[in-house]
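In: coords please:
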Amino acid sequence: MPSHPDADAFMRNYLRTPHDTTARLVFADWLEETGRCGNVALAYYIRVMADADRHPPRSADRRRREKEAAGYARKIRARLTIPAALFVGYPKSLLQLLPAPNITVRLDGFEVPPAVLELMPESVARENLLLPLDQQGWVVLVAAGDPLNDDTARRLQFILNKGIVMVRAGLDELAAAIDRHYGRTGVETVDAMLTQFTDLPTSTPRFAPALVDVDPNPPPAVLLTNLILRDARQAGAVRVAISSIDGLSPLFLINGRWTSRPGFPRHMLEPVAARLAEMAGAGEQYEHSGRAAAAFRCAVGGDRFSVRVAIEPLDEGPVVQLVLADESRAAG
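Out: Model prediction:
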């Protein structure tokens with residue numbers, strides 16, 4: 001926060017009782033009276049966020065007010081460094097005081113619950129310098145080296161199927177915390193059920209998707225897609241995520257735990273996404289918009305199941321999510 005005796009005194013008092021809305025609004029009045037551009041922007045942010053809190057979570061009115069508050073965020077220069085445990089304890093109150101990227105958390109001594117750690121594969125954490133701190137409702141709180149990276153936040157939200165709030169952490173401290181947590185627990189296991197596809201074979205796949213013609217000499221994208229589906233089903237995965245965020249290593253959700261698989265060449269991401277869209281009958285939709293949301297039936301030998309496909313475009317390439325379910329459950 002700004003180095004000013006009144007501001008410092010406010011912060012010391014506020015951090016003792018972060019839920020005090022009246023204190024925040026009084027502070028907003030003081031900030032506006034200073035006349036400084038950054039302070040005025042922060043005052044508006046605090047007031048708009050307080051008004052947003054009057055509306056139901058995820059309602060249109062609340063989203064509108066939160067979007068309005070985000071418009072002031074880039075002009076705010078104030079920063080706050082606090083223990084991660086304090087942020088996890090009062091995220092809502094602290095985010096009504098400052099935008100998430102303006103908050104830095106100290107990770108020394110903070111322990112991430114195992115169930116929260118399992119939400120994020122180790123490869124994603126290490127390659128993007130991210131550490132999940134807590135899950136509260138549908139939102140995951142994440143410490144990030146670059147919390148302003150909107151692409152990373154969007155990909156995480158799509159892959160984890162949860163809301164993402166990213167606060168800042170020091171790079172060295174973050175790397176040490178990732179080593180401490182993932183190195184100690186071994187949350188992620190790597191089971192090489194997919195080979196490294198440097199030169200894809202062209203033999204007949206082990207199964208043929210139901211309602212899709214069988215090609216006796218399938219092109220590489222068809223074969224790779226079939227192999228991903230087969231291996232996901234045989235491994236007992238209920239969800240699959242594929243994107244460039246984890247180096248093109250498919251992620252399988254098995255028994256509540258994300259497991260990384262060996263990756264495939266980057267140039268195959270687009271053909272695999274297109275193939276999945278085609279199998280779901282959404283090939284034209286994908287071709288025109290880069291998006292797809294549909295489902296199809298599949299078979300591995302005598303095992304029949306359904307696959308729901310969701311594809312979103314990003315600059316780095318498509319992000320693909322698959323949900324696998326027994327046909328009986330899907331019908332329900």
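
In: For the rest of this, base every contact and every neighbour count on C-alpha atoms.
Out: Noted.

In: On the three-state scheme, the residue nearest the centre of the chain is what?
Out: By CA atoms, centre = their mean, the chain has its centre lying nearest to residue 156, at 1.7 Å. The local conformation at residue 156, judged by DSSP: H, G, I helix; E, B strand; the rest coil, is helix.

In: Now do the same contact list for residue 45.
Out: Residues near residue 45 by CA atoms under 8 Å, 6 or more residues apart in numbering: 69-70, 72-73, 96-98.

In: Please pick the buried ones from those residues.
Out: Taking 16 or more other CA atoms under 10 Å as the criterion, what is buried in the contacts of residue 45 is 69, 72-73, 96-98.

In: Name the nearest of these relative to residue 264.
Out: Distance to residue 264, by CA to CA, is smallest for residue 73 among the buried ones among the contacts of residue 45, at 39.1 Å.

In: Quick check: the closest one vs residue 55, distance?
Out: 20 Å (CA to CA, to the nearest Å).

In: For the closest residue to the residue nearest to the centre of the chain other than its chain neighbours, give the beta-bridge partners.
Out: Nearest non-adjacent residue to residue 156, counting by CA to CA, 6 or more residues apart in numbering: residue 164, 7.1 Å away. Counting by DSSP bridges, residue 164 forms beta bridges with residue 140.

In: Confirm for me that residue 164 is in contact with residue 139.
Out: Yes. The pair residue 164 / residue 139 is scored as a contact, 5.6 Å apart, by CA atoms under 8 Å.

In: low pLDDT regions in this protein?
Out: Filtered on pLDDT under 70, the chain yields the residue ranges 1-6, 184-218, 245-248, 301, 327-332.

In: all helices in it, in order from the N-terminus.
Out: All helices of the chain, identified by DSSP state H, fall at 5-14, 21-34, 37-52, 60-73, 84-89, 91-95, 114-117, 122-128, 150-160, 171-185, 220-234, 269-279, 283-289, 327-331.

In: rewinding a little: of residue 164 and residue 139, who's got more company?
Out: Comparing residue 164 with residue 139 by neighbour count (other CA atoms under 10 Å), the higher total belongs to residue 164, at 21 against 14.

In: For residue 82, see how far away the more buried one is.
Out: As judged by CA to CA, residue 164 and residue 82 stand 19 Å apart.

In: for stretch 126-134, how far is the first residue from the last?
Out: 18 Å.

In: from the chain's centre, how far out does that stretch sit?
Out: Centre-to-centre, stretch 126-134 and its host chain are 10 Å apart (CA atoms, centre = their mean, to the nearest Å).

In: Repeat that for stretch 275-293.
Out: With CA atoms, centre = their mean as the basis, stretch 275-293 stands 23 Å off its chain's centre.
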